[in-house]
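Sequence below, structure please.
(chains A and B)
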Number of protein chains: 2
Amino acid sequence: MAGPVTLPRRVTIREVGPRDGLQSEAPLAVEERARLIEALSATGLPKIEAVSFVSPKAVPAMAGAADVWARVSRSPDVAYSALVPNRRGAEEAVAGGGFAALQAFLGASDGYNRKNVGKSVEESISDVGDVVHVARGADLTVEVSISASFGDPYDGDVPAERVLEVAERVLAAGAEAVSLGDTTGMGTPSRVWDVVGLLRQRLPHVPLNMHFHDTRGTAMANVLAAMEVGVTEFDASVGGLGGSPFAPGANGNLATEDLVHMLGDMGIETGVDLDKLLEVAGLVESLVGHGLSSQVSKAGPRWRGAAGRSD
Amino acid sequence: MAGPVTLPRRVTIREVGPRDGLQSEAPLAVEERARLIEALSATGLPKIEAVSFVSPKAVPAMAGAADVWARVSRSPDVAYSALVPNRRGAEEAVAGGGFAALQAFLGASDGYNRKNVGKSVEESISDVGDVVHVARGADLTVEVSISASFGDPYDGDVPAERVLEVAERVLAAGAEAVSLGDTTGMGTPSRVWDVVGLLRQRLPHVPLNMHFHDTRGTAMANVLAAMEVGVTEFDASVGGLGGSPFAPGANGNLATEDLVHMLGDMGIETGVDLDKLLEVAGLVESLVGHGLSSQVSKAGPRWRGAAGRSD
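Numbering: from 1, shown residues only, chains lettered A, B, ... in the order given. So this is what the prediction gives:
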């Protein structure tokens, strides 16, 4: 590889299919959701966002998180996390036991945050503090997802300084890691460089995860851009499950198999067994009952059928 | 933009929808194909691959190229090209008149080339020489598309040195520009850096176009990678029309509207009016009678509906 920039040798993928992926689907049965988490756990994925303790009224597909989690045969090789919106959610997650981290979340700007959780960013920062309080009592770390970090469908462009400010606030509240979310697919490589560049300069020791959606076809380019400025952890969703509510029919999350495939060909380790992951994509397709937006699940790996295998 | 690499300020997009896009669709009527070319001509696209003088038996959707071309109201602002496989095709194109360039083509390796045109690469290089001979008589330039430059579904990986060798051979035969094709979607950013890096080093003054397919979700990342090593011309197909025969159901060509959208947000000029292009995508969808693989055609531009327009 004669690239113009040094890329990481290894990337951590956090699988978000069971949570962000399924939350916009028709609800699956508890045992199906547990089965999906178990299947993903056997692929080599190091981190899985397993369940979400949000209001079942707000997100019906995520109802029964405690039941799902209790049923999962957990792998000792996977760090599982739970998404929690507030103190109540954090307490439910802690009661379930076995998570490595709790994930709190808020928007970078008020427009998206109010639509998503009906609160100002200030109120959500207060919730993050509550989650941290509960998590510390159980010796768990808290990671915070900052949605709309690359643009807000209501408020428009979000300055990098604003994302930095929110990150600093949640870190001050006790969060230990930050994920920058592009739930509505408004990110492009130059925005990634802007925001990540500023955060890496001002918060060089804070673990930084990127959560890209492919709503406008930019997710994989954004991954490359982020790696070029030192990002080594990415969210992805098996099959590309999980669309944006603002773009019906468009692609959803960056697909895990597409990401694993590209990184593998570039010699960047993920630890994920692509063949096993593609089997899980097949399971996902049968569970949700419709086609997937991921590409490698349809085309197969680049070396399949080729005489000169490149793996 | 605080990127790690200087990017071009301006990129040339060559629209290939009327040719590469339509050739895998059910044949359209002559007047529909002409209408599509005219609609694309009004969007600001500087180059359009309009028709293909290949055997109508081999590619029924491309039959009637002379009739399509004769019917098109051509724009003086667009450089139109015709794909020609050999001397006969070149003569037909020259007889039609009005093209700025002829495009010859061959594979980087024998496996793909034999399946595609039933000839060895050597025989195809001889065809390129014939095309150049005819083109020179009509004062036209010849660009050569080298397919399978990033991997061959039959022969496997293709060394960068092999792509260079084929490029040197077609240049020696009189071609003036080279396009590296990834028709089967086997390219990834590191392969782009490998191949383009070598060609730019050894053939620094040869115009280099990239033709990416999104069969495995890597097209847009490949564009970013290519721009980072100095590439300033890309093929794209409106709507993402034009799949790979090796991956049914997978994405096709890089979609023009997705490319224009991303580059526009990055401040890289293309001269293309995205709103007009999205209207053409709507036309394409009605002409082919099925959904498109492009994303921005479904999600709309990132700033649509946002209070703070970024354009």
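
which regions of the stretch 1-150 of chain A sit below the pLDDT cut-off?
Scanning the stretch 1-150 of chain A with the threshold set as pLDDT under 70 gives A:1-2.

Tell me which stretches of it form helices.
Ranges of helices in the stretch 1-150 of chain A, per DSSP state H, counting those that start in this stretch, are A:30-41, A:65-71, A:87-96, A:110-117, A:121-137.

Return the set of buried residues in the shortest one.
So the one you mean is helix A:65-71. In terms of neighbour count (16 or more other C-beta atoms under 10 Å in any protein chain shown), helix A:65-71 has its buried residues at A:65-66, A:68-69. In this view, the C-beta of every residue, glycine as well, is placed from N, C-alpha and C.

Just give me the residue closest to the centre of chain A.
In chain A, the C-alpha nearest the mean C-alpha coordinate belongs to A:D235, at 3.5 Å (C-alpha atoms, centre = their mean).

Could you look up the SS state of it?
strand (DSSP: H, G, I helix; E, B strand; the rest coil).

what's the closest of the helices of the stretch 1-150 of chain A to chain B?
With C-beta to the nearest C-beta as the criterion, chain B lies closest to helix A:110-117 of the helices of the stretch 1-150 of chain A, at 7.5 Å.

ok, residues contacting that closest one?
The contact list for helix A:110-117, computed with C-beta atoms under 8 Å, 6 or more residues apart in numbering or on different chains, reads A:85, A:106-107, A:119-121, A:124, A:147-148, A:152-155, A:183-184, B:307.

re the thing from before, kindly present the buried residues of helix A:65-71 as JSON lines, with separate columns for distance to chain B.
What follows is these, written out as JSON lines (distance: C-beta to the nearest C-beta, whole Å):
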{"residue": "A:A65", "distance to chain B": "30"}
{"residue": "A:A66", "distance to chain B": "35"}
{"residue": "A:V68", "distance to chain B": "29"}
{"residue": "A:W69", "distance to chain B": "31"}
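
Pick out the most distant pair among those.
Using C-beta to C-beta, the two most remote members of these are A:A66 and A:V68, lying 7.4 Å apart.

where do the contact lists of these two overlap?
Counting by C-beta under 8 Å, 6+ apart, A:A66 and A:V68 have no shared contacts at all.

what number of residues lie near A:R162?
A:R162 is flanked by 19 other residues according to other C-beta atoms under 10 Å in any protein chain shown.

wait, does the helix or strand harbouring it make contact with chain B?
A:R162 belongs to helix A:160-172 when assigned by DSSP states H and E. No. Using C-beta under 8 Å from any C-beta of the partner chain, helix A:160-172 stays clear of chain B, coming no nearer than 8.9 Å.

what's the angle from that helix to helix A:110-117?
Using axes from the mean of the first three to the mean of the last three C-alpha atoms, to 10 degrees, the inter-axis angle of helix A:160-172 relative to helix A:110-117 is 50 degrees.

and helix A:160-172, how far out from the chain's middle?
On the basis of C-alpha atoms, centre = their mean, to the nearest Å, helix A:160-172 sits 19 Å off its chain's mean C-alpha point.

so that helix versus helix A:121-137, what angle?
30 degrees.

got the buried residues for helix A:160-172?
By neighbour count on 16+ other C-beta under 10 Å, the buried set for helix A:160-172 is A:160, A:162-164, A:166-167, A:169-171.

Which of the residues you listed sits closest to chain B?
Checking those against chain B by C-beta to the nearest C-beta gives A:A160 as the nearest, at 8.9 Å.

For the closest one, give me the pLDDT.
Reported pLDDT at A:A160 in the predicted model: 98.

With chain B as the reference, measure out to A:L28.
For A:L28, the distance to chain B equals 24 Å [C-beta to the nearest C-beta, to the nearest Å].

Quick one: closest of the helices of the stretch 1-150 of chain A to A:H261.
Closest among the helices of the stretch 1-150 of chain A, using C-beta to C-beta: helix A:30-41, at 16.2 Å.

Next, the buried residues of that closest one.
Buried positions in helix A:30-41, judged by neighbour count with 16+ other C-beta under 10 Å: A:30, A:33-41.

swap in stretch A:121-130?
Buried-residue list, stretch A:121-130, by 16+ other C-beta under 10 Å: A:121, A:124-125, A:127-130.

so which of the residues you listed also contact chain B?
Applying C-beta under 8 Å from any C-beta to those, none is adjacent to chain B.

hang on, the earlier thing: for the residue nearest to the centre of chain A, give me its contacts.
With contact set as C-beta under 8 Å, 6+ apart, A:D235 has these partners: A:13-16, A:20, A:49, A:179, A:209-212, A:253-254.

Most neighbours among the residues you listed, please name it.
When the contacts of A:D235 are compared by neighbour count (other C-beta under 10 Å), A:N253 ends up highest, at 33 neighbours.

residue contacts, the closest residue to A:P85 other than its chain neighbours?
Leaving aside its sequence neighbours, A:P85 sits nearest to A:V54 (C-beta to C-beta, 6 or more residues apart in numbering or on different chains; 5.2 Å). Applying C-beta under 8 Å, 6+ apart to A:V54 gives the contacts A:62, A:83-85, A:89.

now do A:P248
Applying C-beta under 8 Å, 6+ apart, we find A:P248 in contact with B:K298.

in a strand, that's where it is, yeah?
No. Counting by three-state DSSP, A:P248 falls outside a strand, being coil.

I'd guessed A:D152 sits against A:S109; true?
Yes. The criterion here is C-beta atoms under 8 Å, and A:D152 meets it with A:S109 at 4.6 Å.

beta partners of the nearest residue to A:A50 once chain neighbours are set aside?
Residue nearest to A:A50 in three dimensions, not counting chain neighbours: A:Y80, with 4.7 Å by C-beta to C-beta, 6+ apart. On the basis of DSSP bridges, A:Y80 is bridged to A:I48.

and the residue nearest to A:L274 when sequence neighbours are not counted, how many neighbours does it have?
Nearest non-adjacent residue to A:L274, counting by C-beta to C-beta, 6+ apart: A:V260, 5.3 Å away. As a burial measure, A:V260 scores 27 neighbours (other C-beta under 10 Å).

Just the element for A:V260, please.
Using DSSP H and E, the element containing A:V260 is helix A:256-265.

A:H211 now?
Per DSSP H and E: strand A:208-212 holds A:H211.

how about that strand, does it reach chain B?
No. Strand A:208-212 lies out of reach of chain B by C-beta under 8 Å from any C-beta, never closer than 11.3 Å.

What strands flank that strand, and is each parallel or antiparallel?
Partners of strand A:208-212, by DSSP bridges, with direction: strand A:177-182 (parallel), strand A:233-236 (parallel).

Contacts made by the first one with the rest, please.
Residues outside strand A:177-182 that contact it (C-beta under 8 Å, 6+ apart) are A:101, A:103, A:105, A:141-151, A:163, A:167, A:170-171, A:195-196, A:199, A:203, A:206-213, A:219, A:222, A:235.

ok, of those, which come out buried?
Looks like the contacts of strand A:177-182 have A:101, A:103, A:105, A:141-151, A:163, A:167, A:170-171, A:195-196, A:199, A:208-213, A:219, A:222, A:235 buried, using 16+ other C-beta under 10 Å.

residues contacting A:L164?
Counted by C-beta under 8 Å, 6+ apart, A:L164 has contacts A:195, A:198-199, A:202-203.

coming back round to it: could you find the closest non-adjacent residue to the residue nearest to the centre of chain A?
Among residues not flanking A:D235 along the chain, A:H211 sits closest, at 4.0 Å (C-beta to C-beta, 6+ apart).

Isn't the one you found up against A:S145?
Yes. In terms of C-beta under 8 Å, A:H211 counts as a neighbour of A:S145; the distance is 6.5 Å.

what's around the residue nearest to A:G3 when sequence neighbours are not counted, how many residues?
Of all residues not flanking A:G3 in the chain, B:W193 sits nearest, at 4.4 Å (C-beta to C-beta, 6+ apart). Counted by other C-beta under 10 Å, the residues lying close to B:W193 total 22.
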